[in-house]
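here is my input, please return the structure:
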Amino acid sequence: MPIFKRSRERVRGEISLIACILIGLTLLASGTGKIIAAEEAPAQVVDFISNIIPDIFITPGTISFMYDIFIPRVIPWAEFILGACLLVGFLPRLMAILTIPLLLAFLGTNLWSIIQGGYTTCASCFGIWEKYFGSLTPVQSLIYDLVLIALAILIIIIHPAGFLSSRRWLDNLGKGKKFDAATVRLKMRVFSEQLGNLGARVMAFFRLIGKGIREHPLIAIFAGICVLGLLAYGAIAASTHTAAPGNDTTAKIPVASDISVSELSETSAVISWTTDEPAISNIEIYTEDHIFVITVTNKKPVNSHQMLVGGLSPDTTYYFNILSEDKQALSQEHSFKTLAPAPSQFTISYVRVSALIDSSATITWGTNRPATSKVEYWIPGAKDRNTISNDTLTTQHSINLTSLEVDAIYHYQIRSIDVSGNQVISPELALSGQTGKPAPDFTLNSLDGRTVTLSDYRGKLVMLDFWLWSCSACRKKMSIIQEAYAKIPTDKIAILSIHPKVKESIIQMYVDDTGLTFPVLLDSEGVVSDLYKVPVLPTTFLIDGDGIIRLIDPEFSNTEDLERLFNTFLKGT
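Numbering: from 1, shown residues only. Below you'll find the model as predicted:
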C-alpha cells in the first residue's frame, strides 16, 4: 500500500511538472517577445477594452496608464515573472492561481475578436517572435488560452505537497552545511560580539584622550590653537580660490559659441563649444518629453570645451543646454539624434501607390539599406510580365509604371538588391484604381451631433483622414492636421476625420484632451472605410473640388509640409 501511495504522489508530481513547464515556456516566450519589442497597446486590445470599460473610468489619466503603461509594460513583465516561477517550480500552485486571471483576459480578448470579425491575427501574442515564427489567428490563440487555463487548474488540483510549497530541489537550496540555521545563529552571535568589542574600543580611545587633556593642559591648548589655525587657513584659501579668474561668481556670465555635435554613434555623441573666457561648464541632456537623462561636467576652467556624452539610446532625439558652473544657461536649446542601430535584416517598408491615373501609376517604397529598385507587374492570368528597374542605390525608391490598360487590375511585386548582393522581395500586391476616380459619397454623424455629407463640400479641397485615437501614428498626424486647420482658409479647404467604431465617450475624451476642432465623423459600422477600401490606419485622401480623389496618403511630417501640399492643389499645379 505505501508503495502504491508513493507511486501516486510521483505521478501527480510529474503531471504537475509537465503542466508547469508548458505554461512557463509559453508565458516566457510571450513576455520576452513583448519586452524586447516594446510597442504601444495593440489595436485589437484597445478596441476590446474600449468597448468594455465603464464610462466612469474614462479619463485621460486612466486611459494613458492603461494603454501606455499597463498593457505594453506591466503585462509582459507579469507574464515573464509568472512563466519563470512556474518553470523553476517556485510556489507552482500559487503561480497557477495568479496566471488564471491573466489567461482569462487573453481569452476574453480573442473571443471578442472572433465575435467582431475582421481581426486576422491575435493581439501581438508573442511580440517580436511573431516576425520569425508567424502569428496565431484569434481562433488558434483562443484554443491555446483554453489549454493553458486547463493546465493551470490541473496544477492547482493535483500538485503534491502544501499550498506554499515549491519543487523539492528549490526547497533544498540553502539547507546545506554552510547555510543551516545553527550556522547562521552562530555567525550572528560572533558578529554581535565583534560589534560590541568595537564599541568598547572606541569608548576607551575617547577616555584616553580625556585623560591626556587633564594631565597635559598646555599641550591640549597648543593643539587646539593649531587646529584653529588650519581651519582659518582653509577658509582664506577657499575665498582666494573663489575670487580667482574663471571662478568668480560675481563676474559676468560666459558666452558660449561655435556649438557643434560630432562623432555621433548609436549611444554617444561629442559636444563642442567655446566660451569667451575660461569657464567650468555643464551639459544637461534631456529627451523630447523633457525627461532628464544626464548632466556632464568639466571642472577645469577652459575656453575650448569638448565633452563625450554616453549611455544614450539608438535612433533617439536628445536636447541639451550648456550651463555655467552655477547652472545658468550659456546657450539656447540645441538637439541631436543618435544613429539608428545597424539593421540586422534587409527589409522593404512603406510601399505606396500614388499618381494613379487611367494609364500610369507611381510606386514608392523604402529599404533600410541603399539598394536598387525593381518592379514586376502583370495582369492576373496574362502570360507576359513587365519589368521596370533602376540600378541607383538608394533607400527611397520610386518607379513609374506607364501604358497600363484602362480599368485593368494589376498585380505587382517589388525587388531590391543591396551593395552586397542581398535581395529582398515584397509580397504580391494589388494595384488600386481609386486615384483619379470619383470619391464615394457618404453621410455620417459627427461627434458633436451634426450630420455631414461629403458632397456638401463640392468646390472645396477636402482632406479625408481615417484614424484611430489609440494609434500613435494617427495621434502624431492629428496634431499636425490640427495645427494646419487653425491656419487654412476654410472657404477653400475642408478637413474631415473619420473614426471607426469605439465608445463615443473615449473619442470625446481624446478630442477634448488634445483640443481637436475639425469635424470628427463616426463610422460606427465601418461602411465608409469599406467604401474607400482603407487598408491601414491612418490613411488620408485628398479630394478636389470636383469630387475626384487626387492623392492617397500624401507624405507630410510637419505643418509646413501640409500647408505646401494644400497650396499646391489650390494653385492647380
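
is it correct that Leu339 is in contact with Ser265?
Yes - assessed by CB atoms under 8 Å, Leu339 is found in contact with Ser265 at 5.8 Å. C-beta: built from backbone N, CA, C; applies to glycine.

any regions of the stretch 451-573 of the chain where pLDDT drops low?
571-573 (pLDDT under 70).

and the strands in it?
With strands called from DSSP state E, counting those that start in this stretch, the stretch 451-573 of the chain shows them at 451-453, 461-466, 493-500, 520-523, 539-543, 549-552.

quick one: buried residues of the strand or helix carrying Ser141?
For Ser141, the element it lies in under DSSP states H and E is helix 138-158. Using 16 or more other CB atoms under 10 Å as the test for burial, helix 138-158 gives 138, 141-142, 144-145, 148-149, 151-152, 154-156.

which residues are in contact with that helix?
With contacts defined as CB atoms under 8 Å, 6 or more residues apart in numbering, helix 138-158 is touched by 12, 15-16, 19-20, 22-23, 26, 86, 92-93, 96-97, 99-100, 103-104, 106-107, 110-111, 113-114, 119, 121-122, 125, 136.

if we go to 6 Å?
Contacts with helix 138-158, where a contact means CB atoms under 6 Å, 6 or more residues apart in numbering, come from 12, 15-16, 19, 22-23, 92-93, 96, 99-100, 103, 106-107, 110, 113-114, 119, 122, 125.

helices - which of those residues land there?
12, 15-16, 19, 22-23, 92-93, 96, 99-100, 103, 106-107, 110, 113-114 (DSSP state H).

now do the same contact list for the residue lying closest to Trp129 once chain neighbours are set aside.
What sits nearest to Trp129 in space, not counting adjacent residues and going by CB to CB, 6 or more residues apart in numbering, is Gly33, at 4.2 Å. Contact analysis of Gly33 by CB under 6 Å, 6+ apart lists 126-129.

tell me which two of those sit farthest apart.
The distance between the two most remote of the contacts of Gly33 (CB to CB) is 7.8 Å, for Phe126 and Ile128.

reformat the contacts of Gly33 as a markdown table; add distance to Gln328 and secondary structure.
Listed next are the contacts of Gly33 as a markdown table, based on distance: CB to CB, whole Å; DSSP: H, G, I helix; E, B strand; the rest coil:
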| residue | distance to Gln328 | secondary structure |
| --- | --- | --- |
| Phe126 | 51 | coil |
| Gly127 | 46 | helix |
| Ile128 | 45 | helix |
| Trp129 | 50 | helix |
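
buried ones among the residues you listed?
126-127, 129.

which pLDDT does the model give Tyr377?
Looking at Tyr377, its pLDDT stands at 89.

now do the contacts for it.
Contacts of Tyr377 by CB under 6 Å, 6+ apart are 386, 401, 410, 412.

out of these, list just those in strands.
Among the contacts of Tyr377, DSSP state E puts 386, 401, 412 in strands.

looking at those, state which has the most neighbours.
The member of these that has the most neighbours, counting by other CB atoms under 10 Å, is Tyr412 with 22 neighbours.

relative to Ser416, how far out is the residue lying closest to it once chain neighbours are set aside?
Spatial nearest neighbour of Tyr412, excluding adjacent residues (CB to CB, 6+ apart): Tyr377 at 3.9 Å. Remark: distance between Tyr377 and Ser416 (CB to CB, to the nearest Å) = 15 Å.

cool, and His499?
Distance from His499 to Ser416, by CB to CB: 35 Å.

do the same with Val520
Distance of Val520 to Ser416, given as CB to CB: 39 Å.

cool, Glu130 as well?
According to CB to CB, Glu130 and Ser416 sit 23 Å apart.

when the two are compared, which one has more neighbours?
More neighbours surround Ser416 than the other of Glu130 and Ser416, with 26 against 16 (other CB under 10 Å).

what about the more buried one, helix or strand, and which?
strand 411-417.

buried set for that strand?
For strand 411-417, by 16+ other CB under 10 Å, it's 412-417.

same list (the residues you listed) but as TSV, adding pLDDT and distance to Val353.
Shown next, in TSV, are these (pLDDT from 0 to 100; distance: CB to CB, whole Å):
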residue	pLDDT	distance to Val353
Tyr412	79	9
Gln413	86	13
Ile414	88	11
Arg415	91	17
Ser416	92	17
Ile417	91	22
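
quick one: which of the residues you listed is nearest to Phe70?
Distances from Phe70 to the buried residues of strand 411-417, taken by CB to CB, are shortest for Ile414, at 38.6 Å.

so the closest one is in contact with Ser426, correct?
Yes - using CB atoms under 6 Å, Ile414 is in contact with Ser426, at 4.0 Å.

which of the contacts of Gly33 sits closest to Arg450?
Nearest to Arg450, judged by CB to CB, of those is Gly127 at 41.8 Å.

excluding chain neighbours, what is closest to that closest one?
Gly33 is the one closest to Gly127 (CB to CB, 6+ apart), at 2.8 Å.

tell me if I am right that the one you found is in a strand.
No - judged by DSSP: H, G, I helix; E, B strand; the rest coil, Gly33 forms no part of a strand; its state is helix.

can you pull out the helices in the stretch 201-350 of the chain?
For the stretch 201-350 of the chain, the helices defined by DSSP state H, counting those that start in this stretch cover 217-242.

give me the below-cutoff pLDDT ranges for it.
201-206, 208-252, 290, 342-344, 350.

compute the number of surrounding residues for the closest residue to Ser313 other than its chain neighbours.
Excluding the flanking residues, the one nearest Ser313 by CB to CB, 6+ apart is Thr338, at 6.7 Å. Thr338 has 19 neighbouring residues, counting by other CB under 10 Å.

and if you look at Gly515?
Neighbour count of Gly515, defined by other CB under 10 Å: 9.

the one 10 residues further on too?
The criterion is other CB under 10 Å. On that basis, Glu525 has 10 neighbouring residues.

which SSE is immediately downstream of the strand holding Ser416?
Where DSSP H and E defines the elements, the next helix or strand beyond strand 411-417 is strand 423-425.

show me what counts as buried in that following strand.
Val424.

might one say that Ser30 is in contact with Phe126?
Yes - judged on CB under 6 Å, Ser30 makes contact with Phe126 at a distance of 5.4 Å.

identify the contacts common to the two.
By CB under 6 Å, 6+ apart, no residue touches both Ser30 and Phe126.

still on that earlier bit, Ala37: which of the strands of the stretch 451-573 of the chain is closest?
The minimum distance between Ala37 and the strands of the stretch 451-573 of the chain falls on strand 539-543, with 24.0 Å, by CB to CB.

quick one: that closest one to chain centroid distance?
Distance of strand 539-543 from the chain centroid (CA atoms, centre = their mean, to the nearest Å) equals 27 Å.

ok, it: who's next to it in the sheet?
Paired strands of strand 539-543, with direction, are strand 461-466 (antiparallel), strand 549-552 (antiparallel) (DSSP bridges).

pull the residues that contact the longest one.
When contacts are defined by CB under 6 Å, 6+ apart, strand 461-466 is touched by residues 493-498, 534, 537, 539-543, 569.

which positions in it come out as buried?
Buried positions in strand 461-466, judged by neighbour count with 16+ other CB under 10 Å: 461-466.

how far away is Leu27 from Ala150?
For Leu27, the distance to Ala150 - CB to CB - is 15 Å.

and what of Asp523?
Asp523 is 40 Å from Ala150, by CB to CB.

go through the contacts of Gly33 and say which is closest to Thr372.
Nearest to Thr372, judged by CB to CB, of these is Ile128 at 28.6 Å.
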